[in-house]
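Student: Sequence first, predicted model second:
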Amino acid sequence: MADYTFFTNPMSRGQIARWALHEVGADYDTEIVEWAAKSEAFLSANPLGKVPTLVHHDGDHIHVVTEAAAICHYLAEMHPDAGLLPERHEKAAYFRRLFYGSGPVEQAIVARSMGWGVDDAQKEAMVGFGSYERAMDTFETLMADRDYVCGHRFTMADVYVGSQVDWGLQFGSIPARKVFEEYAARLRERSAYKAAKKIDMDLIAEAENNG
Ligand SMILES: N[C@@H](CCC(=O)N[C@@H](CS)C(=O)NCC(=O)O)C(=O)O
């Protein structure tokens with residue numbers, strides 16, 4: 001059995017976790033989740049029925065990790081030799097942007113794509129991302145003075161934050177600003193990104209041909 005069982009669907013946030021698996025060179029088996037026919041094994045690992053879901057077979061232990069950002073950081077922790085964990089003085093930038101990406105950015109994008117808005121300034125103060133515009137302007141500021149989340153060096157946070165940018169530019173859910181475009185272009189050059197993306201793109205093409 002491989003070290004990890006990776007529940008995913010190629011057209012999903014599972015792409016983020018697959019990229020992370022390739023960045024650390026993990027040994028994993030893929031279980032494709034069909035939305036209309038979720039297996040018992042998958043639902044018992046993640047009752048929410050969401051992908052990515054990662055099961056780590058760690059000696060006598062079985063650990064389940066869900067939430068793409070958590071999976072990314074977990075893999076960096078489990079594979080420290082990959083060198084993708086933040087150093088002491090990179091941690092603030094790393095965790096700030098990792099959680100900003102999985103919190104305010106994610107919520108702002110989802111709210112906008114669902115057509116949810118808050119038109120009352122007092123209520124906006126209660127919303128974790130403020131407004132879509134505030135969230136995106138701040139995101140741009142957080143990435144403007146650096147090549148990667150932690151500055152000049154790629155870390156695991158870039159897999160998650162970079163996926164938000166890459167995916168967002170592709171689907172028009174984040175604004176096509178120079179800072180985001182240049183960041184995404186740097187990430188798309190990585191061999192692990194290309195290898196993981198190819199697997200998911202091939203799976204999507206195969207499903208389309210069969211469907
Ligand atoms: N908070 C989760 C969200 C995961 C998520 O929403 N996954 C979607 C695909 S992108 C899913 O599994 N949808 C299937 C369903 O809800 O039935 C994460 O960041 O990993």
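Tutor: Arrived safely.

Student: Isn't Glu90 up against His152?
Tutor: No: applying C-beta atoms under 8 Å, one finds Glu90 not in contact with His152, separated by 10.3 Å. The way it works is simple: take the backbone N, C-alpha and C, and place the C-beta from them, glycine included.

Student: Those two - which one has more neighbours?
Tutor: Between Glu90 and His152, counted using other C-beta atoms under 10 Å, the more crowded position is Glu90 (17 against 7).

Student: out of everything not next to it in sequence, what's closest to the more buried one?
Tutor: Excluding its sequence neighbours, the residue lying closest to Glu90 (C-beta to C-beta, 6 or more residues apart in numbering) is Cys150, at 4.0 Å.

Student: From Ile16, how far off is Ala69?
Tutor: 8 Å (C-beta to C-beta, to the nearest Å).

Student: Could you do Gly25 as well?
Tutor: Taken as C-beta to C-beta, the span from Gly25 to Ile16 is 17 Å.

Student: neighbour-wise, which of those two wins?
Tutor: Ile16 (23 against 11).

Student: and the gap between the more buried one and Cys150?
Tutor: In terms of C-beta to C-beta, Ile16 sits 18 Å off from Cys150.

Student: now swap in Ala192 and tell me
Tutor: Distance from Ala192 to Cys150, by C-beta to C-beta: 17 Å.

Student: Quick one: name the residues of the protein near the ligand.
Tutor: Contacts of the chain with the ligand, taken as C-beta under 6 Å from any ligand atom, map to 12-13, 35, 49-52, 67-68.
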